[in-house]
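Colleague: Fold the following for me, if possible:
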Amino acid sequence: MISLLIKNKKSIDEPKTFTFNQKLIKIGRLKENDITLKDISVSRQHAVISFVDGEYKITDTSKNGTFLNGELIGNNNEKILRSGDNIQISNFVINVEIEDQYDNFEKTSDLIQHRFSDSSLPASNSLFPYIEVTGGVTSGERYEFVEDFEEIILGRAPDCDIQIPHKSVSKSHAKIVKRKNEFELVDLNSSNGVFLNDKKVNGSITLKDRDEIVLGQSDEKDKIKIIFINQFKKDLPEDKKETKEGKIEIKEEKKEYVENPPQPDEGQEELKKEAEKEEVKEEKKGIKNSLDVTNINIDREEILNSGAEKGNGIKFSIGEYALIGIAILLGIITLIIIVYSVLT
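Modeller: Modelled structure (predicted):
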């Protein structure tokens, strides 16, 4: 609901108050408007007040200009209205009073207490970061940033995660988001700004332990503050450590380094390989000689002596018997050839 107190600076008439509970209010010279201002310098439809997304806004639709708190709005430009604002159209001064449903916050305190009891009243020994409200009717309320936390909204509307019931606070004023291991405060294009430790936030800023957040309230002495607490940090595993820059490094397993580790004697290795090659060659050569019967030259007497030794309890292998047979056969053939040559 909005109330407009209108006074003509050139008239001695008493100011008139108009109260509206509608989404569109037209102001101009014609009677068809919701508020008629009888002056030749006032346009037929000079300005329009609209209620959009929980905010009252004024749009200048005139040729001669509409002023808000002494500043020209500009044709077809739009400005947000706040309680206590002054609109000037020609000789008319319009004082704005907005009956904000959130001003009577005590009426909704039971709803807020129930909401906070579910999600934002952690124990004092919490191991997670949290924010706490100081001042105002929600003083002492907390919101804990648990592991699956992504973001929370701060503002004047009851559906915000943290509600600050002040007329200078926008419906959705700011938010806190988690980015990796840090928490960031973001201004949601609020009308009266976000302040961190008494400094205005431009866009976003990283929060630190014991930071003080203020939404709007630039003219207030006793401001409603939101304190960010991040003194509880989980212990990192032994194989991890946190640097001064806040980055986590993983310690690599240490390995002992020997400048000149012992190496096998290359000369001995080469000799060993050569010996193995020679041994293989000897084995192959022996097998070949045992199979090439044409190159065998065996002394008969040695064979007989060998046979005698075998007869004294030494057994022959099949191969040895074969060699003895071949030697005898060769001897007989040689004898026959000699006899034949003598006779012929």
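
Colleague: Format the CA atom coordinates belonging to stretch 165-183 as CSV.
Modeller: Coordinates of each C-alpha in stretch 165-183 appear next as CSV, following Å, rounded to 0.1, in the frame of the first residue of the first chain:
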residue,chain,number,x,y,z
PRO,A,165,13.2,-6.1,7.9
HIS,A,166,14.3,-2.6,7.0
LYS,A,167,12.8,-0.3,4.4
SER,A,168,16.2,0.5,2.9
VAL,A,169,16.8,-3.3,2.2
SER,A,170,15.8,-4.6,-1.2
LYS,A,171,13.5,-7.6,-1.5
SER,A,172,16.5,-9.7,-2.7
HIS,A,173,19.4,-7.6,-1.6
ALA,A,174,22.5,-9.9,-1.7
LYS,A,175,23.6,-13.5,-1.6
ILE,A,176,26.5,-15.5,-0.2
VAL,A,177,27.8,-18.3,-2.5
LYS,A,178,30.4,-21.0,-1.9
ARG,A,179,33.3,-21.1,-4.4
LYS,A,180,35.5,-24.1,-3.7
ASN,A,181,36.8,-23.5,-0.1
GLU,A,182,35.8,-19.8,0.0
PHE,A,183,32.6,-17.8,0.6
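
Colleague: which of the residues in that stretch are buried?
Modeller: For stretch 165-183, a neighbour-count test (16 or more other Cβ atoms under 10 Å) marks 165-166, 168-176, 178, 183 as buried. Using the backbone N, CA and C atoms, a C-beta is placed for each residue, glycine as well.

Colleague: where does residue 340 land in three-state SS?
Modeller: helix (DSSP: H, G, I helix; E, B strand; the rest coil).

Colleague: Please report how far it lies from residue 1.
Modeller: Residue 340 is 151 Å from residue 1, where distance means Cβ to Cβ, to the nearest Å.

Colleague: Please apply the same query to residue 43.
Modeller: Residue 43 is 26 Å from residue 1, by Cβ to Cβ.

Colleague: The two: who's more crowded?
Modeller: residue 43 (20 against 13; other Cβ atoms under 10 Å).

Colleague: quick one, helices of the stretch 51-200 of the chain?
Modeller: With helices called from DSSP state H, counting those that start in this stretch, the stretch 51-200 of the chain shows them at 109-119.

Colleague: low-scoring stretches of it, by residue?
Modeller: In the predicted model of the stretch 51-200 of the chain, residues 100-126 satisfy pLDDT under 70.

Colleague: Next, count neighbours for the nearest residue to residue 134 once chain neighbours are set aside.
Modeller: Leaving aside its chain neighbours, residue 134 sits nearest to residue 225 (4.8 Å; criterion: Cβ to Cβ, 6 or more residues apart in numbering). A total of 20 residues lie near residue 225 under the criterion other Cβ under 10 Å.

Colleague: pLDDT below threshold where in the stretch 201-344 of the chain?
Modeller: For the stretch 201-344 of the chain (pLDDT under 70), the answer is 232-272, 279-317, 344.

Colleague: residues near residue 331, how many?
Modeller: 13.

Colleague: Can you tell me the element it falls in?
Modeller: Element membership for residue 331 (DSSP states H and E) is helix 318-343.

Colleague: Name the residues of that helix that are buried.
Modeller: For helix 318-343, a neighbour-count test (16+ other Cβ under 10 Å) marks 323-324, 327 as buried.

Colleague: one step back: backbone torsions only: list them for the residue nearest to residue 134.
Modeller: Per-residue torsions, residue 225: phi -110, psi 150 (degrees, to the nearest 10).

Colleague: Quick check, it in contact with residue 138.
Modeller: No: counting by Cβ atoms under 8 Å, residue 225 stays clear of residue 138, with 11.1 Å between them.

Colleague: Strands along the stretch 101-250 of the chain, start to end?
Modeller: Along the stretch 101-250 of the chain, counting by DSSP state E, counting those that start in this stretch, strands occupy 130-134, 142-144, 151-155, 162-163, 174-179, 182-187, 194-196, 199-200, 204-206, 211-215, 225-229, 240-242, 248-250.

Colleague: Can you list the helices and strands that the fifth one packs against?
Modeller: Which is strand 174-179. If you count contacts as 3 or more Cβ pairs under 8 Å, 6 or more residues apart in numbering; DSSP states H and E, strand 174-179 packs onto strand 151-155, strand 182-187.
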